[in-house]
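A.B. asks: Sequence plus predicted model, see below.
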Amino acid sequence: MSSLSDRELLAIILRSGYKGRPVLEMADEILARDGGLQGLLTMSMEQIMQLKGIKLAKASELLAACELVKRLSYSQIKGADVISTPQTLIGWLQKAIGNMEQEYFVVVFLDSRNHVRGHEMLYKGSSRAVNIEARDIFTAAIRAQANRLIVAHNHPSQDPLPSGEDRTVTRELVQAGELMSMPVLDHLIISYDSYYSFREHGGL
């Protein structure tokens with residue numbers, strides 16, 4: 001299976017095309033229209049069913065396959081030190097929120113060894129911004145019995161460079177974490193194929 005192209009793998013899931021369009025050409029249409037496989041990972045049932053030739057059964061199968069990819073990616077970060085090896089966490093975040101058309105703010109809860117205890121999607125905003133409250137973040141962290149945090153959000157523009165507001169929020173969350181003895185180890189800004197880490201850029 002590893003030797004198959006994206007279009008061939010997608011064609012296997014689709015199994016058949018529609019009238020006048022073989023399944024491989026149908027796979028090409030889907031990949032070209034929706035940002036490749038990464039685009040499919042962020043689509044809802046309603047969005048998938050808007051694709052030509054996709055009815056409920058095929059939409060359900062595609063959605064299930066995409067959900068399995070996300071869960072497999074998340075399972076890979078559960079036992080990893082996501083500070084020493086951050087790419088596993090970044091890869092999951094890119095699959096989960098990297099191609100979203102709205103901003104999502106995710107809090108990743110860590111134990112004392114920087115292993116992931118869980119995560120929570122706390123905010124969903126417009127295409128421009130989310131409103132972030134430190135109180136909500138640390139309440140969720142206490143509930144999850146976290147020792148440390150990583151926060152992340154996506155930029156629908158696909159430009160991961162931080163805005164002035166992103167820098168302000170980061171400073172405020174780091175200060176709140178110090179007061180709570182629950183350090184914020186990184187703030188990641190995610191796009192579908194790139195990211196910005198405040199930790200890597202000395203911004204914490």
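C.D. replies: Structure received.

A.B. asks: rest of the way, CA atoms for contacts and neighbours
C.D. replies: OK.

A.B. asks: max-length helix in the protein?
C.D. replies: In terms of residue count, the longest helix belonging to the chain (DSSP state H) is helix 56-75.

A.B. asks: relative to helix 56-75, how tilted is the next helix or strand after that helix?
C.D. replies: Downstream of helix 56-75, the next assigned helix or strand under DSSP states H and E is helix 87-97. Taking axes from the mean of the first three to the mean of the last three C-alpha atoms, to 10 degrees, one finds that helix 87-97 is oriented at 150 degrees with respect to helix 56-75.

A.B. asks: in helix 87-97, what's buried?
C.D. replies: Residues of helix 87-97 classed as buried by neighbour count (16 or more other C-alpha atoms under 10 Å): 88-97.

A.B. asks: could I get those residues as CSV with distance to residue 12 and pLDDT?
C.D. replies: Formatted as CSV, the buried residues of helix 87-97 follow (distance: C-alpha to C-alpha, whole Å; pLDDT from 0 to 100):
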residue, distance to residue 12, pLDDT
88, 27, 89
89, 29, 93
90, 28, 93
91, 25, 89
92, 24, 89
93, 26, 92
94, 24, 90
95, 21, 84
96, 23, 85
97, 26, 89
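
A.B. asks: Now flag whichever of those residues is closest to residue 14.
C.D. replies: residue 95 (20.9 Å; C-alpha to C-alpha).

A.B. asks: OK, contacts around that closest one?
C.D. replies: Residue 95 makes contact with 38, 41-42, 70, 192 under the criterion C-alpha atoms under 8 Å, 6 or more residues apart in numbering.

A.B. asks: and those residues, which of them are in helices?
C.D. replies: Assigned to helices by DSSP H, the following of these qualify: 38, 41, 70.

A.B. asks: any residues touching the helix or strand hosting residue 151, and which ones?
C.D. replies: According to DSSP H and E, residue 151 maps onto strand 148-154. Strand 148-154 has contacts (C-alpha under 8 Å, 6+ apart) with 97-98, 100, 103-112, 114, 141, 160, 182-191.

A.B. asks: quick check: domain ranges of this structure?
C.D. replies: Following automatic domain parsing, one finds the domains of the chain at 6-73, 78-197.

A.B. asks: any idea which of those is most buried?
C.D. replies: Among these, domain 78-197 has the highest mean neighbour count (mean count of other C-alpha atoms under 10 Å), at a mean of 18.

A.B. asks: end to end, how far does that one reach?
C.D. replies: From its first residue to its last, domain 78-197 covers 20 Å (C-alpha to C-alpha, to the nearest Å).

A.B. asks: any idea of the mean pLDDT in stretch 74-87?
C.D. replies: What stretch 74-87 shows for mean pLDDT is 82.

A.B. asks: Sketch out the low-pLDDT regions of this structure for me.
C.D. replies: 1-2, 34-35, 126-131 (pLDDT under 70).

A.B. asks: quick one, strands of it?
C.D. replies: 104-110, 116-124, 148-154, 184-190, 195-197 (DSSP state E).

A.B. asks: Out of the ones you listed, flag the one nearest residue 82.
C.D. replies: Of all the strands of the chain, the one in closest proximity to residue 82, counting by C-alpha to C-alpha, is strand 116-124 (7.5 Å).
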